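Student: the following comprises the amino acid sequence and a computationally predicted model.
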Amino acid sequence: PLVNTREMFQKAYDGGYAIGAFNVNNMEIIQGITEAAKELNAPLILQVSAGARKYASHTYLMKLVEAALIETDLPIALHLDHGDSFELCKSCIDGGFSSVMIDGSHYDYEENVALTRKVVEYAHERNVTVEGELGRLAGIEDAVNVSAEDASYTNPAQVQDFVERTGVDSLAIAIGTSHGAYKFKPGQKPQLRFDILEEVSKRLPGFPIVLHGASSVIPEFVEKINKFGGAMPDAIGIPEEMLRQAAKMAVCKINIDSDLRLAMTASIREHFAEHPDHFDPRQYLKPARAAIKDMVAHKINTVLGCAGKA
Ligand code: G3H
Ligand code: 13P
Ligand code: ZN
Ligand code: NA
């Protein structure tokens, strides 16, 4: 069966590593991710955004993830990514998810507390864990577009009050990561505010922290996409050493979506360029799935440090 995130985060915190939370929306993505985790015996979070749930439908995603549980026998959490309302969180909890995020970060502080508390009460009665968020990430947060100037780092002075009053099981914070493939301007030096992470973890000893917008935008994929007809100039992500550092600290969950998209797209673009006569989806989806598997294995080994921890 699915597991919630409580035990995996406890172990990750104590062990100085992080769990990968990978966004899923179709069979090949789920297979690529779970095959890598199985080979490396890694605990895993599969997460579904509101958009992904709309795209594939709740039932298809549930059944695909159930298939992955049967095939891998791993501790897997199925998590709602960026839930924006109580109703959406409730629907996912009632429908079998083991973990949800309620993202009230775009509300004012008291509204965020009240909404998050309401979700926690509903979720905990059903053994579902809840992730909250404080602070706003630059870039695109689902439908909400936060401009770089509006982005604000998490205020460490608020975290203890927020966690105590809401009862959340983990907290997403803003320390300089952002969603999507364009995290820094060309020429800008990628930076994360490790001082804020330190300060947050001092105020919340033993408490699991989550990093959103944590793709590295792996340069090899960007180059391949651009080489084979794509146009993604200046796509830049978070350097892997920085993520590894965060994983050794209080960060227990690292969210990765863009690197999956890039791995899949680079592989398919290359395939079509080299085989213009192919038109059977299996011909290009098989290597795309393998590219996702390789990328996830690389993350588990190099960034997350969670190999062998299942
Ligand atoms: O945080 C955003 C995730 O990458 C999901 O993106 O809303 O396009 O599915 P999406
Ligand atoms: P990336 O766009 O950096 O992969 O972030 C994904 C994410 O945070 C999903 O919630
Ligand atoms: Zn996110
Ligand atoms: Na950690």
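Tutor: Looks like it arrived, so ask away. Ligands and ions are numbered 1, 2, ... in the order given.
Student: any weak-confidence spans in this structure?
Tutor: Scanning the chain for pLDDT under 70 picks out the ranges 138-151.
Student: list, one by one, the residues from it near ligand 2.
Tutor: 23, 81-82, 179-180, 212-215, 255-259 (CB under 6 Å from any ligand atom). (Glycine included, C-beta is placed from N, CA and C.)
Student: mind checking which of those residues land in helices?
Tutor: Counting by DSSP state H, the part of those found in helices is 258, 259.
Student: which two among the residues of the chain next to ligand 2 are spaced furthest apart?
Tutor: Greatest spatial distance among those (CB to CB): 82 and 259, at 17.6 Å.
Student: in this protein, where's the longest strand?
Tutor: Counting by DSSP state E, the longest strand found in the chain is strand 76-83.
Student: that one near ligand 1 at all?
Tutor: Yes: Strand 76-83 is in contact with ligand 1 by CB under 6 Å from any ligand atom, via 81, 82.
Student: residues touching that strand, excluding its own?
Tutor: Contact with strand 76-83 is made by 2-5, 8, 21, 23, 34, 37, 43-50, 52-53, 62, 65, 68-69, 88-89, 92, 96-103, 119, 129, 131, 141-142, 255, as judged by CB atoms under 8 Å, 6 or more residues apart in numbering.
Student: can you flag the buried ones in those?
Tutor: Among these, those buried by neighbour count (16 or more other CB atoms under 10 Å) are 2-5, 8, 21, 23, 34, 37, 43-50, 52-53, 62, 65, 68-69, 88-89, 92, 96-103, 119, 129, 131, 141, 255.
Student: how close does the residue sitting nearest the centre point of the chain get to ligand 4?
Tutor: In the chain, the centroid-proximal residue (CA atoms, centre = their mean) is residue 255; its distance is 2.1 Å. Distance of residue 255 to ligand 4, computed by CB to the ion, to the nearest Å: 14 Å.
Student: residue 154 too?
Tutor: Relative to ligand 4, and taking CB to the ion, residue 154 is found at 17 Å.
Student: report the contact partners of the closest residue to that residue other than its chain neighbours.
Tutor: Leaving aside its sequence neighbours, residue 154 sits nearest to residue 135 (CB to CB, 6 or more residues apart in numbering; 3.2 Å). Going by CB under 8 Å, 6+ apart, residue 135 touches 105, 152, 153, 154, 155, 173, 174.
Student: closest one of these to ligand 4?
Tutor: Within the contacts of residue 135, proximity to ligand 4 (CB to the ion) peaks at residue 173, which comes in at 13.1 Å.
Student: name the SS class of the residue lying farthest from the centre of the chain, please.
Tutor: Most distant from the centre of the chain: residue 277, at 35.8 Å, with distances by CA atoms, centre = their mean. Three-state call for residue 277 (DSSP: H, G, I helix; E, B strand; the rest coil): coil.
Student: partners of the longest strand of the chain, with directions?
Tutor: strand 44-49 (parallel), strand 99-102 (parallel) (DSSP bridges).
Student: export the next helix or strand after that strand as CSV, just CAs?
Tutor: Following strand 76-83 in sequence order, the next helix or strand is helix 86-94 (DSSP states H and E). Output of helix 86-94 as CSV, limited to C-alpha atoms (Å, rounded to 0.1, in the frame of the first residue of the first chain):
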residue,chain,number,x,y,z
PHE,A,86,-9.5,22.6,0.9
GLU,A,87,-11.9,21.0,-1.6
LEU,A,88,-9.1,19.8,-3.9
CYS,A,89,-7.1,18.4,-0.9
LYS,A,90,-10.2,16.7,0.4
SER,A,91,-10.9,15.1,-3.0
CYS,A,92,-7.4,13.7,-3.2
ILE,A,93,-7.5,12.4,0.3
ASP,A,94,-10.9,10.8,-0.2
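Student: contacts for helix 86-94 next, please.
Tutor: Against helix 86-94 from outside (CB under 8 Å, 6+ apart): 48, 50, 53, 58, 80, 83, 100, 102, 115, 118-119, 122-123, 126, 128, 130.
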